[in-house]
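Colleague: got a sequence here, can you model it:
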Amino acid sequence: MNTANRTFLAFETISELIPEIRAANANPATALPNLSNVLHDYTPLPQDALFLGIANDGLPVLLNLKDPVPGPVLIAGDTGSGKTKLLQIIAQAIDGYQRENIRFTILTDNTKEWEGFEQSANCEGVLSFHQPLTTNYINSLMDWAHNNKRDNQFILLLVDGLEALTADKEIHQIFRWLFLRGPARRIWPIVTLNAAHTLAVSNWLESFRTRLYGRITGEEYAELLIGSSDYFFHNLIAGAQFTMRENKNWLPFWLPNLG
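Modeller: Presented below is the predicted three-dimensional model:
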């Protein structure tokens, strides 16, 4: 059996079992294919592609880092929907594919969730908000953006909490610039948002044309984020499923197990 087909069948089987999973209130993570196996099954991927997950048709969902049009990426969902997990999948996939041209930095209020990631050769650091080191690093990115002459070198800013970022006023100005110009300068902010805090950060949402949605149970939050509460965000399996707009359609996708 083709290895990609094997991965597709694994996700397809889980899709068919969704009613039973919900009825049993079970955690599907144990049944998901492991990320390392998924990456092996889909090798090789384009050099400048960022792995996000597996679509229902079995194809990998990718972000082309050479195309700045999508802009900064927002990952929104309820507590426990898998936002941090998705960020960690992105980081681990860079290691798994041995992408020497892609480096990442993590900004978080909970550094314990990211223990071990700083050991990656691709990681520039796990930083906390409201710290001089963080402010200095973020400010240094403007120099990097203007001086980096290699068009195949990228930096990912994995920000685990838009609400925490907005509370750190020392980095507001540079992040406004990064949200506007970063991807065109090969710096990609990828930022999570707890849906319950949407109203508090509403003036930042216009910065994100590309949004990935996990489980959202509050219709008012879905309305603020998407402009409609008609979509089945509450039916997505927490920690396992996300979705994104693709033109006028929705593209659901699965998250592998981190292992």
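
Colleague: show me what contacts P60?
Modeller: Taking C-beta atoms under 8 Å, 6 or more residues apart in numbering as the definition of contact, the neighbours of P60 are 42, 45, 51-54. Just so you know, the C-beta spots here come from the backbone N, C-alpha and C atoms, and that holds for glycine as well.

Colleague: 7 Å - rerun?
Modeller: Under the criterion of C-beta atoms under 7 Å, 6 or more residues apart in numbering, the neighbours of P60 are 42, 45, 51, 54.

Colleague: tell me the one among those nearest to S207.
Modeller: F51 (23.4 Å; C-beta to C-beta).

Colleague: what's the local residue count around the closest one?
Modeller: Close neighbours of F51, defined as other C-beta atoms under 10 Å, add up to 23.

Colleague: tell me which residues of stretch 46-57 come out buried.
Modeller: The neighbour-count criterion (16 or more other C-beta atoms under 10 Å) identifies 48-55 as the buried residues of stretch 46-57.

Colleague: ok, and what's touching that stretch?
Modeller: Stretch 46-57 is contacted from outside by 7, 11, 15, 38, 45, 60-66, 90, 93, 152, 242, 251-255, using C-beta under 7 Å, 6+ apart.

Colleague: returning to that earlier point: among the contacts of P60, name the ones in strands.
Modeller: 51, 54 (DSSP state E).

Colleague: now the contacts of P60 as JSON lines including distance to Q131 and pLDDT?
Modeller: What follows is the contacts of P60, written out as JSON lines (distance: C-beta to C-beta, whole Å; pLDDT from 0 to 100):
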{"residue": "Y42", "distance to Q131": "37", "pLDDT": "85"}
{"residue": "L45", "distance to Q131": "35", "pLDDT": "84"}
{"residue": "F51", "distance to Q131": "30", "pLDDT": "95"}
{"residue": "I54", "distance to Q131": "36", "pLDDT": "92"}
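
Colleague: now, the most widely separated pair of the contacts of P60?
Modeller: So for these, where distance means C-beta to C-beta, the most widely separated pair is L45 and I54, at 12.1 Å.

Colleague: in CSV, list the buried residues of stretch 46-57 along with distance to I216.
Modeller: Rendered in CSV, the data for these read as follows (distance: C-beta to C-beta, whole Å):
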residue, distance to I216
D48, 31
A49, 27
L50, 23
F51, 23
L52, 18
G53, 17
I54, 21
A55, 20
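
Colleague: which member of those residues is positioned nearest I106?
Modeller: Distances from those to I106 were compared by C-beta to C-beta; the smallest belongs to L50, at 15.1 Å.

Colleague: so the closest one bridges to which residues?
Modeller: Residues in a beta bridge with L50, per DSSP bridges, are L63.
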